[in-house]
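Enquirer: show me how the following folds:
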Amino acid sequence: MCGICGVIGEVKDSKGILKKMMDKIAHRGPDDEGMYVDKYAAIGHRRLSIIDLSHGAQPMYNETGDVAIVFNGEIYNHLELRKELIEKGHQFANDSDTECLIHGYEEYGTELLLKLRGMFSFVIWDTKTNTMFGARDHFGIKPFYYAKTDKNLIFASETKAILEFPGFQKEVNEEALEQYLSFQYSVLPETFFKGIYKLPAGHYMIYQDGKLEIERYFDPMMEPEEGGNLEQTVSEIEAVVHDTVDAHMIADVEVGSLLSSGVDSSYVVSEFPGNKTFTVGFLDKESQYNEIRYAESLVGELKKQNFSKNIDSDEYFDSIPTVMYYMDEPLADPSCIALYFVDQLAAEQIKVVLSGEGADEFFGGYNIYHEPLSLKGYQKIPKWIRKSIAKIAGLLPDIKGRDFLIRGSKTVEERFIGNANMFSVSEREKLLKNPVKTMSPQEIVSTTYDKVKHLNDIAKMQYIDTNFWLQGDILLKADKMSMAHCLESRVPFLDVKVFEYAKKLPIEFRCNKEATKRAFRIAAKRHIPESTANKKKLGFPVPIRVWLKEDKYYNKVMRTLTGKAAEKYFNTDILVGLMEEHRAGKADNSRKIWTVYVFLVWYEVYFESEDFKPVNQEWIDERIRTA
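Expert: Sure, this is the predicted structure:
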C-alpha cells in the first residue's frame, strides 16, 4: 500500500514540486520514497513495504528503462500473471506485483486491466510515446485524483498533494456542497475543491499531447438468475469466501483483521489464518454502541486474539479535525471516526488488516433492501390513489406509518438514491444561503438507473449502492482512515471473482422477507455462531444522538453552527432550530446536524487553518524516521 503523485507536462522545478507533493502523502508510505523526472513527466511514490520488502522500490521500470510505473495497491493474481508473461518472453528483475503491471502493459495495453485481480491505482509513463496511462480498480478501493491545467495533468492518491502544485487556487465547490447535504458524501466527479476530479472506479485514463481521454473498462452490472438450489448455492458461497480470503493473505508481513459484531467481519475472521483482531466501542460494554463484548465472545470460540479500545466522547470529538484532514473531503458518516481509532489500534502491531466491506452490496445485506418486498402489496393500489394518500400523509406529523405511505407512492428510482438521504431538495435550498439549485439527487442517479431498467428493484438498489455509496462513503473511509496510520486495509469481499459469482445470485437468495444476505448468512452459520450470522445490520454504531443532547457537545457544536463559516454558507437559524428540536427530544436530527457540522470542521481545516497538523503527526514522523 502506498501513495502516488505526479505532474505530466513541462514545468519549472518539477523535482522540487514533486517532493512537496510526496511529503504531503508521506503517511501513505513511510518506509521509502522514490521519483522519476524527465522533461515531460515527474512521478513520485511513497512506499509501505508489504510484498518483496527488499526489491519492491518504486518508481519501477521495464528492462530497457523506457517505461516507468508508480503503483498503489496489491495484485493478488500476480504470480499467475508473471508466469504467463514469462512464457511470452518478458524478463523480471524482482518478485513484486508491481513489475507485472509494467510487462502486462507492454504485452496487453489497456486490456491488462481485465486480467487483474486486486485493488489498485497506478500511473505508467511511456517515454517512447510520451504517454501517461492511469487506472483505478474495478470497485474504487484505491483513490485516484487528478486536475488538468492548460499545460499539465496533475494526479495523486490524495487531493492534499495536488493542492501543493504552484498556482493552484483552493476554492470550495458549492455544487459539491449542495449534493453532499443530501448524499452525506462527495458524490460528483468534481471534488469539494473546484478543479480537482476523481477518476471513477473501473475507469482508466490516457494523457498524450495535452489531450485527456477517460474510458470505462468494468461495469458492476447485476445479472440475477432464476431459480437455483439453496443448499448448493450456500456451499458455493463458502468456497468463494474461502478462496478470496486466502488470496488476500498474500504478504511478507503479518496480517490481522478488523472485527465488529456483524456477520461480514466475523465470517472473514473465521476464515483467515491470522490470529490478531481489532475492535472499538463506545460507552459501557453492555451498550448498544459497544461491539467489544461480541468480538471477545467470537474470538474465544475461534481461539484467536482480540485487541480492543473504548473510545470516549472527548477523544472522538477532538479527533474530528484530523479525520477530516485525512479524508480530503467532508464525510458525514460518524463511523469514519470510529474507523480512525480501530485502524490506529491495529497499526500499533501490524501493517495489513482485512475488513468486511462489500458483502452488503454484493450479497444484498442492507436493511433498506427489504423495502421493495414490504411495499409490494401496497403498490398494487393504482398509483394515482397512492399519490393522493401520500399528499395527505405529508401533512401529518411524523407518526408511525407516515413514511411508508409516502415512499409507497414512489418508484424505486424516485425514492432511493443510496443508503443515505439527509436533506431533501427543498430542505437544502432553504438551508443554504446561496443554493446552486443544480440537479436533484434523483437526477444524479438517473443515468445509472437507466442502465438497469430490466432488473428487479432489489438488484437496482444494489447497482446504485455499488456505483455511489460504496465508492463515495464505504471505500473512501476504509482507505483514508487506514492510510492515516500507515496501515494497509484489504477487503476480500470486493474481489472480481466474488462479484462474478454474486452478480448471478437469484434475488430470493439475496433478500427475502425474513433476511438480508439470505444465502450468505446461511453459509456464515457454518463457521460462526448463529446469533452472529443472523444479527441485524447495524453499521458502525456511534452515539452521536446521545452526545448532541449533552451540554458540553451541544455547546461545542452550536458554536460551530453559528460561527463565521456557518454564516457564510447557511441560514443558521435553521441549524439552531434543528439543534433545539433534537435536544428537546422532538425529533432525531442528529444525522442532519452532523452532516453540516463535519463540513464546517473540514472547511476550518482546509480554508481557515494556516498550517494544520494532524494529532498523529509526531507518530507519522517517527515511523518515517525509523524506516
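Enquirer: pLDDT score assigned to residue 625?
Expert: The model reports residue 625 with a pLDDT of 84.
Enquirer: now the end-to-end length of stretch 546-557.
Expert: 13 Å (C-alpha to C-alpha, to the nearest Å).
Enquirer: name the residues that touch that stretch?
Expert: With contacts defined as C-beta atoms under 8 Å, 6 or more residues apart in numbering, stretch 546-557 is touched by 283, 289, 313, 316-317, 579, 582-583, 585, 590, 593, 597. Where you see a C-beta, it was placed from the backbone N, CA and C, and this is true even at glycine.
Enquirer: show me what the mean pLDDT comes to for that stretch.
Expert: Computed over stretch 546-557, the average pLDDT equals 95.
Enquirer: from the chain's centre, how far out does stretch 487-499 sit?
Expert: 12 Å (C-alpha atoms, centre = their mean, to the nearest Å).
Enquirer: that stretch: which residues count as buried?
Expert: 487-496, 498-499 (16 or more other C-beta atoms under 10 Å).
Enquirer: pull up the distance across that stretch, start to finish.
Expert: 25 Å.
Enquirer: average pLDDT across it?
Expert: 97.
Enquirer: nearest to residue 161 among the contacts of stretch 546-557?
Expert: If you rank the contacts of stretch 546-557 by distance to residue 161 using C-beta to C-beta, residue 597 comes first, at 26.6 Å.
Enquirer: what residues are up against the closest one?
Expert: 557, 560-561.
Enquirer: and it, how far is that from residue 23?
Expert: As judged by C-beta to C-beta, to the nearest Å, residue 597 and residue 23 stand 30 Å apart.
Enquirer: is it possible to get TSV of the buried residues of stretch 487-499 that adds secondary structure?
Expert: Shown next, in TSV, are the buried residues of stretch 487-499 (DSSP: H, G, I helix; E, B strand; the rest coil):
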residue	secondary structure
487	coil
488	strand
489	strand
490	strand
491	coil
492	coil
493	coil
494	coil
495	coil
496	helix
498	helix
499	helix
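Enquirer: what are the boundaries of the helices in the stretch 401-550 of the chain?
Expert: 402-407, 412-415, 425-431, 441-450, 457-467, 469, 475-483, 496-502, 507-510, 518-525, 530-533, 544-547 (DSSP state H, counting those that start in this stretch).
Enquirer: ok, the stretch 101-250 of the chain next?
Expert: Using DSSP H, counting those that start in this stretch, helices in the stretch 101-250 of the chain cover 159-162, 174-183, 230-247.
Enquirer: to residue 116, which of those lies closest?
Expert: helix 230-247 (12.4 Å).
Enquirer: quick check: can you name the pairing partners of the next helix or strand after that closest one and their directions?
Expert: For helix 230-247, the following helix or strand on the C-terminal side (DSSP states H and E) is strand 255-258. Paired strands of strand 255-258, with direction, are strand 276-282 (parallel), strand 352-354 (parallel) (DSSP bridges).
Enquirer: turn these into TSV, including mean pLDDT, distance to residue 19 and mean neighbour count.
Expert: Putting those into TSV (pLDDT from 0 to 100; distance: least, C-beta to C-beta, whole Å; neighbours: other C-beta atoms under 10 Å) gives the following:
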stretch	mean pLDDT	distance to residue 19	mean neighbour count
strand 276-282	94	34	24
strand 352-354	96	28	26
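Enquirer: select, out of these, the one closest to residue 18.
Expert: strand 352-354 (27.5 Å).
Enquirer: any weak-confidence spans in the stretch 501-627 of the chain?
Expert: Within the stretch 501-627 of the chain, the stretches with pLDDT under 70 are 537-540, 627.
Enquirer: same thing with the chain?
Expert: Counting by pLDDT under 70, the ranges of the chain that qualify are 1, 50-56, 286, 537-540, 627.
Enquirer: how much space between the spatially most central residue of it and residue 372?
Expert: Central residue of the chain (C-alpha atoms, centre = their mean): residue 475, 1.6 Å from the mean position. Note on residue 475: its distance to residue 372, by C-beta to C-beta, is 25 Å.
Enquirer: same thing with residue 243?
Expert: On the measure of C-beta to C-beta, residue 243 and residue 372 end up 31 Å apart.
Enquirer: cool, residue 222 as well?
Expert: 14 Å.
Enquirer: who's more crowded, those two?
Expert: residue 222 (24 against 19; other C-beta atoms under 10 Å).
Enquirer: any idea how many residues pack against the spatially closest residue to the more buried one that is not a sequence neighbour?
Expert: Spatial nearest neighbour of residue 222, chain neighbours left out: residue 459 (4.2 Å); criterion: C-beta to C-beta, 6 or more residues apart in numbering. By other C-beta under 10 Å, the residues close to residue 459 number 23.
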